[in-house]
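**Student:** structure for the following, please:
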Amino acid sequence: MREDELDTMLFTLTEKEKRYLASDNPVLERYAGTPTKMVNGRRAMCFELDHLDVEGLRLRRDSRFIGLPAYTYSSINLNYIYSGQCTYEIDGQEQVLERGDVCIFDRGVARSKMPLGMDDIVININLSDQLFRRCIPDVRTQSPASAFLLSRISEDSDHSGYIIFRTRGNERIESLFQQLLLVFYEGSAYYLQLAQAYLTVIIPQLLLLYQEGRDTSSIRLADKEGNRMLEIIAYIESHCESCTLGDVAKEFGYHEKYLCAYIRKHGGTSFSEIRRDCRLRKASWYLRNTDWHIEDVLGMVGYGNRSQFYRDFRHAFSMLPNEYRHQKGKMDELP
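**Tutor:** Sure thing, here's the model as predicted:
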């Protein structure tokens, strides 16, 4: 399948869409009899997906010309705006997603969706928990804020969090989704495995965009403590080279002892551990991408003690900094 053939297929009216265009009340006809449940005081349709654990993912294009009243899925749900836009209503607030934007909904998020127009193409992907966990990058190489964010999306008991990634037409994201759709709709013998492989690349790329532009993303975790904890981790990450516990406490209006307890209770870690992980992640990047002396690197990321840096680095990466750099160099020399 060529890219122009994919485009033509996605924009072609389906028989269902023709009926929706001709119907006075397509919502009532389409979803009559769908099971419902109460979600945060709101009656919502519940779409159950059987055998998803076996398949790993389900992918389809959303039908146009029909809205959806409040609904949830029984799995993590990823929506990609291939063309046009899509408007969701979540907790009484409208969220308009434009072309290239991506939203990941946990299974407990009740939202409604406005009808899509002729040029609005939304790709709907349901992920099994196992596949979603496989898509999460190694905690040693990802941002602590991103690690916390994804862990809360996938592990919160009430599963009511979501993330909206504003990609601003990022060409890499669009290209990856296009390749995913091509292999999926070509229907080759290994289309599911190939689609899963693309998702394990797409989700880390979305996290990278989140790290580079947090102010443009829309995030809601299951509780206000989770949202505040994400803000605290993001602040430490941005100031890890020099920030102290006192700096963070002052920024958020907490006493230092209270902040320590808050981080331990809601983050399952400590201020020192978060700051250390942020510093080590930056150090690993410098070792991979520059030829700066290790002593310069440890100073740049905020370490004043060489021995402590070496101990922490070895604990995190199972090798010393010079071994890590040497291993990276050998990988670069491969044909």
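**Student:** list the contacts for Ala32?
**Tutor:** Applying CB atoms under 8 Å, 6 or more residues apart in numbering to Ala32 gives no contacts. Every C-beta, even on glycine, is put in place using the N, C-alpha and C of the backbone.
**Student:** quick one: it and Thr72, what's the gap?
**Tutor:** The gap separating Ala32 from Thr72 is 18 Å, by CB to CB, to the nearest Å.
**Student:** so for stretch 11-29, first residue to last residue, what's the gap.
**Tutor:** 23 Å (CA to CA, to the nearest Å).
**Student:** could you give the separation of it from the chain centroid?
**Tutor:** 32 Å (CA atoms, centre = their mean, to the nearest Å).
**Student:** now do stretch 193-208
**Tutor:** From the chain centre to the centre of stretch 193-208 is a distance of 10 Å (CA atoms, centre = their mean).
**Student:** how close does the closest residue to Glu48 other than its chain neighbours sit to Ile203?
**Tutor:** Distances taken as CB to CB, 6 or more residues apart in numbering place Ser74 nearest to Glu48, at 4.7 Å, with adjacent residues excluded. Per CB to CB, Ser74 is found 20 Å from Ile203.
**Student:** next, the buried residues of stretch 254-273.
**Tutor:** Tyr254, Leu259, Cys260, Tyr262, Ile263, His266, Gly267, Thr269, Phe271 (16 or more other CB atoms under 10 Å).
**Student:** nearest to Pro26, of those?
**Tutor:** His266 (43.9 Å; CB to CB).
**Student:** does the closest one touch Gly226 like I think?
**Tutor:** Yes - His266 lies in contact with Gly226 (CB atoms under 8 Å); the separation is 6.8 Å.
**Student:** and the next helix or strand past the helix or strand of the chain with the lowest mean pLDDT?
**Tutor:** Ranked by mean pLDDT, DSSP states H and E, the weakest helix or strand in the chain is strand 218-220, scoring a mean of 63. Sequence-wise, the next helix or strand downstream of strand 218-220 (DSSP states H and E) is helix 224-238.
**Student:** quick one: average pLDDT of that following helix?
**Tutor:** For helix 224-238, mean pLDDT rounds to 87.
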